[in-house]
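>>> Only the shape, not the letters, is given here:
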Ligand code: NOJ
């Protein structure tokens, strides 16, 4: 049997398939079952349907072997490089496919990073809807090009981990217990919903996302997976989503009401979640690779099997599991991860010491420089700081996977130093105890590696570095006048020590993936000139951030957990800009080993005629009214490398809406970015940005539509959200 996936033939084939199903078979297709994968749809052997395999994670195939662990979403966002984002997706998709996974559980469009302590902010591309949207679009397009389905998640308002699920009496599921405390409710107004939280989903759906995962928490007091207004109204109605809505694992709390609201597929199904199931696409049974049996074997060994057991012996063929097992699907993807990890590293401070030149004696400090110490799995670590020893290449939870290869910073530095002297102390307790006298003779350079663990199911306990990282930095900096700090973290940390005179450079290297050591060596020694940019703001004080995590104690009111998104559109830099708070390092910031300048900004309109306030109504297609994506303006400018070495620049476009726009409109919003090619000294490149009607409209809550305002827009171009060096004006009426 061979079903092409797209076009009329696929639809016809699907309809024929559905006509041949019994009622029981139909019901089984719309819920997960026991099976080999993180999520499994049972086979129907009499029709030759081999079931479907759904698997995390957004950074590589989870729960298996011989796969590549790519850089996390936040690292990928920090590259500000569309082609790298796309290529990462293509290579990841190749691995999902070669392992026999039909539906990948990613990318992450939310959390977007409303709260700086959000435990999962690192899974997405950054704290701005436009950046997140580009990340999702490029990722989904990349997966589609390989024929692997995606699941854009978590719809919607999933901005904190604390109390993301209800508390249920007895055993913990709503099928055999009662809700005694409702999950957090994200209370989001109409305009914020459209301009911030829906924006990346709209772009992902437009790019062809086949699935959307509804989230754990409540939206405006109704569980996300049974919220009709959001699932049937906003998602399937307004955004024209034509694929299937999948529940997050155990996020379904009802049967018929959830189905009526718009939920299509209940996960994980099985005995803990026996609500129901909806036919999704299925892949071409003849050419799609079989499911690697090692998924099933790993599941039999691991604790996840208590949720949804593996396939019992004898049924492997029905599932189209097949040889070879332990399939090595990595090819040479590690080389790309090395580049990606370096491209997502952000140089925050450099007094001129980087790149390193001839170093014959180097000191490496900190447990984050070490190799893995608790096995290949980045997850399932119960303490809040993660493993003590081991570089933080990926944090914890379902957004991670198992390393097949890992190159620690220390290993890569030793290799780079060759016969030079590499001294090191990895135990933070020793360093924080100021016991570093064993370092002798005095090194020319001291590299301090610190980390900040983040994980699903918990929000961050602080913005400091784990394992006494601040004391480690201070001890080394007090003793060594050329101290370079490298941080491995999925979000913002406080850096009280940043102005220490002996700290000569700081690199926020994010979560680079399996080649963590090689990526940082490439940056330190200048084989790659840093071009990463911050996809969030680093503040001076935690109190400078808005929208803290809601965390209640001793609550008796069943409905007490409410997160009012009262900051509205002012997430991350927009809040700092409007409140005039100086950040330590702003959104979009990052240094290079060279310097860049920008020529004048040219703005031209696509149409001579005035543009109406609203797009003409048209049949909705995936992403919403196609008229919203009409191009209204082109912005051009030349970027010059004015420094002494080659490097790539990241010009960014921030749009200011006309002064008469409704109250609450941010001062500026990101509406374009690009990464130039590597420019030799003295060379330049013309960059071009397209502004669409949606880019230049606000959500009009009275008209319930995107409204292109009267008056003059300012198009600001620069190298960060605060370094705006040139601008021009444009108006449409
Ligand atoms: C829960 C997580 O929220 C989701 O992102 C993940 O895909 C599922 N578990 C399956 O592991």
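Sure, I can see it. This one's a predicted model, so the numbers in the text were calculated from it and none came from an experiment. Numbering: from 1, shown residues only.

>>> C-alpha only now, for contacts and for neighbours.
OK.

>>> since we're on whichever residue of the stretch 151-300 of the chain sits closest to the ligand, how many residues are nearby?
Nearest residue of the stretch 151-300 of the chain to the ligand (CA to the nearest ligand atom) works out as residue 249 at 5.0 Å. Residues lying near residue 249 (other CA atoms under 10 Å) number 20.

>>> in terms of contact, does it touch residue 267 like I think?
Yes: Residue 249 lies in contact with residue 267 (CA atoms under 8 Å); the separation is 5.1 Å.

>>> how does the protein divide up, domain by domain?
Structural domains assigned to the chain are 10-310, 333-536, 594-731, following automatic domain parsing.

>>> residues touching residue 253, list them.
Counting by CA atoms under 8 Å, 6 or more residues apart in numbering, residue 253 touches 174-175, 223, 225-226.

>>> could you redo the last one with a cut-off of 10 Å?
Listed by CA atoms under 10 Å, 6 or more residues apart in numbering, the contact partners of residue 253 are 166, 173-175, 179, 216, 223-226, 247, 266, 273, 275.

>>> try residue 555
181, 561.

>>> re earlier: the residue of the stretch 151-300 of the chain closest to the ligand is in contact with residue 154, isn't it?
No: the pair residue 249 / residue 154 is not scored as a contact, 11.3 Å apart, by CA atoms under 10 Å.

>>> ok, back up a step: dump the domains of the chain into CSV; add mean pLDDT as well.
Below are the domains of the chain laid out as CSV (pLDDT from 0 to 100):
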stretch, mean pLDDT
domain 10-310, 92
domain 333-536, 96
domain 594-731, 97
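
>>> Please report how far the residue most central in space within the chain lies from residue 194.
The residue lying closest to the centre of the chain (CA atoms, centre = their mean) is residue 124, at 1.6 Å. Between residue 124 and residue 194 the computed distance is 18 Å (CA to CA, to the nearest Å).

>>> ok, now residue 201?
Distance, residue 201 to residue 194, by CA to CA: 10 Å.

>>> so residue 87 touches residue 135, yeah?
No: Residue 87 lies out of contact with residue 135 (CA under 10 Å); the separation is 11.5 Å.

>>> now the strands: where do they sit in the stretch 51-200 of the chain?
Taking DSSP state E, counting those that start in this stretch as the criterion, the stretch 51-200 of the chain carries its strands at 52-55, 103-104, 151-155, 167-168, 179-181, 185-187.

>>> Which positions in the stretch 351-500 of the chain make contact with the ligand?
Proximity of the stretch 351-500 of the chain to the ligand is confined to residue 398 under the rule CA under 6 Å from any ligand atom.

>>> residues touching residue 732, list them.
Listed by CA under 10 Å, 6+ apart, the contact set of residue 732 reads 605, 607-613, 632-633, 708-713.

>>> Recalculate using a threshold of 6 Å.
Contact analysis of residue 732 by CA atoms under 6 Å, 6 or more residues apart in numbering lists 610-611.

>>> Offset the numbering so it begins at 54, please.
Understood, numbering begins at 54; the last thing we discussed is residue 785.

>>> how near is it to residue 400?
Counting by CA to CA, the gap from residue 785 to residue 400 is 39 Å.

>>> host element of the closest residue to the ligand within the stretch 554-703 of the chain?
For the stretch 554-703 of the chain, the residue closest to the ligand is residue 602, as judged by CA to the nearest ligand atom, at 17.4 Å. Using DSSP states H and E, residue 602 maps to neither a helix nor a strand.

>>> tell me the phi and psi of it?
Main-chain dihedrals, residue 602, degrees, to the nearest 10: phi -60, psi 140.

>>> Next, count neighbours for it.
Around residue 602 there are 19 residues (other CA under 10 Å).

>>> cool, and the one 5 residues further on?
Counted with other CA under 10 Å, the burial measure for residue 607 works out to 5 neighbours.

>>> do residue 670 as well
Neighbours of residue 670 (other CA under 10 Å): 10.

>>> How about the contacts made by the residue of the stretch 454-603 of the chain found nearest the ligand?
Closest to the ligand within the stretch 454-603 of the chain is residue 509: 7.3 Å, counting by CA to the nearest ligand atom. Residue 509 is in contact with 172-173, 450, counting by CA under 6 Å, 6+ apart.
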